[in-house]
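Engineer: Below: sequence and its predicted model.
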Amino acid sequence: MPDNLHIGMFTNTYKPVLSGVVRSISSFRDALTESGHNVFIFAQEARDYEDEEPFVYRYPSLEIPAYKYPMTIPVSRTIDKIIPTLHMNVIHCHHPAGVGEVGVRKAQELNIPAVFTHHTRYREYAQYVKLVPKNLSEKVIGSWLLDYMTRCQHIIVPSELIKESLASSYGITERVTVMPTGIDLTPYKTADGTAVRQKHNWGPDQTVIISLGRLADVKNWPLLLDAVEVTLQKHPEARFVLVGDGPERPSLEKKVAKMSVADRIEFVGRVPYEEVPAYLKAADLFCYASVTETQGLVTLEALAAGLPVVAVDASGTSETVSDGVDGILTPEDSQALAEGMDKLLSDRELYRQMKKAALQKAADWDINVLTQKLLDIYAQAAADKKAGYYVQATKADDYFSLNWRKFFR
């Protein structure tokens, strides 16, 4: 492959959406661009948002009112005309449907390799498909993923657990690389949380507990709020701050309004990406209860800001946070989570030790190191494409045999 690559990244969500997938794409794009490569983003339309970076191509989209989330309509004659002129060397897809389906199809048409990052444990979302039995939904989603992955040259997964899942569910064991999203540590080294604390009137003697993420039902926010209520009752000097927005915000705000500590719980809403480090630096402790993460990207960002983490011991999070070293991992129980927060807030020496360890842990996830690994994957995918190799699955008979592609033509 040439030294100066032209890379197409196809995703159903990009800025201004706040999510782990968007942060991953943005982080790698910045690092790849800094290394001299051109990265073209193909994503959803974003009304009332002006791109500050070049080479972002937007497909039409509709916002789903109930979820405040874009549904991309990956059809654009203009983009179809532009794509051949970009002379892309590789296409990197971040979703197995919508824009991601267009990406893998364009890779075939252009005879270039397709790489897919398996960001999410998609089959676990079957429980949110209404009016369809969960086992049937899982089968359909499994079939969909199987068809998609076997049209790619390489699969990237953010954790060993996801890699093991692909092996056990599909028999996919070759051309699968574990590579978490790295992080650019520079903004976290230079960020100052003083202005944030002043803006929100967080007093110098107040302990700020913070969490960050999309306010969706899959993130387990009610359980976290139950733990926070217990913690704030025990620590009158503390307050809780939730950064992010999403469809569950109204119900979460109603839940908080009934709490005796409601005046010390603040919904900040969505903040620009560049301000996230300052918000984390303005806090003292990070807490999280999600059990659907494929990698603990938000917890990694907290560690980079020097925040010890108290979180539910679940996949993704447990691969980022080392229990007893830079954080405390608990069962999925609000009381256990509250006890973890109480332990760190009460033991200042333990807190200082974990704060130091958090910064040391973050240094191991430097985005520049992982970007070189990504470039090696692209080179391997190009060689495999030339040799006619595609990802192989040995358990295809376990799923429906459906031609999903006909729905996207």
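Structural biologist: Perfect, thanks for sending it.
Engineer: Quick check: phi and psi on Asp323?
Structural biologist: As for Asp323, its main-chain torsions (degrees, to the nearest 10) stand at phi -60, psi 130.
Engineer: And the pLDDT for it?
Structural biologist: With respect to pLDDT, Asp323 has a value of 97.
Engineer: Any idea what the closest residue in space to it that isn't next to it in sequence is bridged to?
Structural biologist: Excluding its sequence neighbours, the residue lying closest to Asp323 (Cβ to Cβ, 6 or more residues apart in numbering) is Leu329, at 4.2 Å. In this view, the C-beta of every residue, glycine as well, is placed from N, C-alpha and C. Listed beta-bridge partners, Leu329: Ala311 (assigned using DSSP bridges).
Engineer: So the chain: which segments form each domain?
Structural biologist: The record's domain parsing of the chain by automatic domain parsing lists 6-182+367-408, 186-363.
Engineer: Quickly compare those and say which is most buried.
Structural biologist: Among the domains of the chain, the stretch with the highest mean neighbour count (mean count of other Cβ atoms under 10 Å) is domain 186-363, at a mean of 19.
Engineer: For it, measure first residue to last.
Structural biologist: With Cα to Cα, to the nearest Å as the measure, domain 186-363 spans 11 Å from end to end.
Engineer: Low-confidence regions, the stretch 101-250 of the chain specifically.
Structural biologist: 121-134, 136 (pLDDT under 70).
Engineer: residue boundaries of the helices in it?
Structural biologist: Ranges of helices in the stretch 101-250 of the chain, per DSSP state H, counting those that start in this stretch, are 134-149, 160-170, 186-190, 194-199, 221-234, 249-257.
Engineer: ok, Thr177 - contacts?
Structural biologist: Counting by Cβ atoms under 8 Å, 6 or more residues apart in numbering, Thr177 touches His154, Ile155, Ile156, Val157, Lys373, Ile377.
Engineer: In this protein, which helix is the longest?
Structural biologist: For the chain, the helix reaching the highest residue count under DSSP state H is reported as helix 367-386.
Engineer: Return the mean pLDDT over it, rounded to an integer.
Structural biologist: 95.
Engineer: Okay, now the unreliable bits of the stretch 301-409 of the chain?
Structural biologist: Residues of the stretch 301-409 of the chain meeting the criterion pLDDT under 70: 396-409.
Engineer: Do a quick rundown of the strands in it.
Structural biologist: In the stretch 301-409 of the chain, the strands defined using DSSP state E, counting those that start in this stretch lie at 309-312, 327-330.
Engineer: Would you mind giving these as CSV with distance to Leu242 added?
Structural biologist: Shown next, in CSV, are the strands of the stretch 301-409 of the chain (distance: least, Cβ to Cβ, whole Å):
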stretch, distance to Leu242
strand 309-312, 15
strand 327-330, 19
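Engineer: closest to Met9 out of the ones you listed?
Structural biologist: strand 309-312 (28.9 Å; Cβ to Cβ).
Engineer: what's in contact with the closest one?
Structural biologist: So strand 309-312 is contacted by 220, 223, 285-291, 296, 299, 302-303, 317, 321, 326-332, 337, 340-341, 344, 358 (Cβ under 8 Å, 6+ apart).
Engineer: 7 Å instead?
Structural biologist: Contacts to strand 309-312, defined as Cβ atoms under 7 Å, 6 or more residues apart in numbering, come from residues 285-289, 291, 299, 302-303, 317, 321, 326-330, 332, 337, 340-341, 344.
Engineer: which residue ranges form the helices in the stretch 251-400 of the chain?
Structural biologist: With DSSP H, counting those that start in this stretch as the criterion, the stretch 251-400 of the chain has helices spanning 276-281, 297-304, 317-320, 334-346, 348-363, 367-386.
Engineer: quick check: angle from the second one to helix 348-363?
Structural biologist: I take that to be helix 297-304. Interaxial angle, helix 297-304 versus helix 348-363 (axes from the mean of the first three to the mean of the last three Cα atoms, to 10 degrees): 110 degrees.
Engineer: The last one now?
Structural biologist: Here helix 367-386 points in a direction 40 degrees away from that of helix 348-363 (the same axes, to 10 degrees).
Engineer: Make 39 the starting number, not 1.
Structural biologist: All right, first residue 39 from here; so that's helix 405-424.
Engineer: Assign Pro112 to helix, strand or coil.
Structural biologist: Of the three states, Pro112 takes coil according to DSSP: H, G, I helix; E, B strand; the rest coil.
Engineer: That one and Asp361, how far apart?
Structural biologist: From Pro112 over to Asp361 the distance is 42 Å, taken as Cβ to Cβ, to the nearest Å.
Engineer: How about Thr215?
Structural biologist: For Thr215, the distance to Asp361 - Cβ to Cβ - is 26 Å.
Engineer: and if you look at Tyr87?
Structural biologist: Taking Cβ to Cβ, one finds Tyr87 at 39 Å from Asp361.
Engineer: cool, and Pro225?
Structural biologist: Counting by Cβ to Cβ, the gap from Pro225 to Asp361 is 27 Å.
Engineer: Check Glu176 too.
Structural biologist: For Glu176 relative to Asp361 (Cβ to Cβ), the value is 30 Å.
Engineer: Likewise for Ala343?
Structural biologist: Ala343 is 19 Å from Asp361, where distance means Cβ to Cβ.
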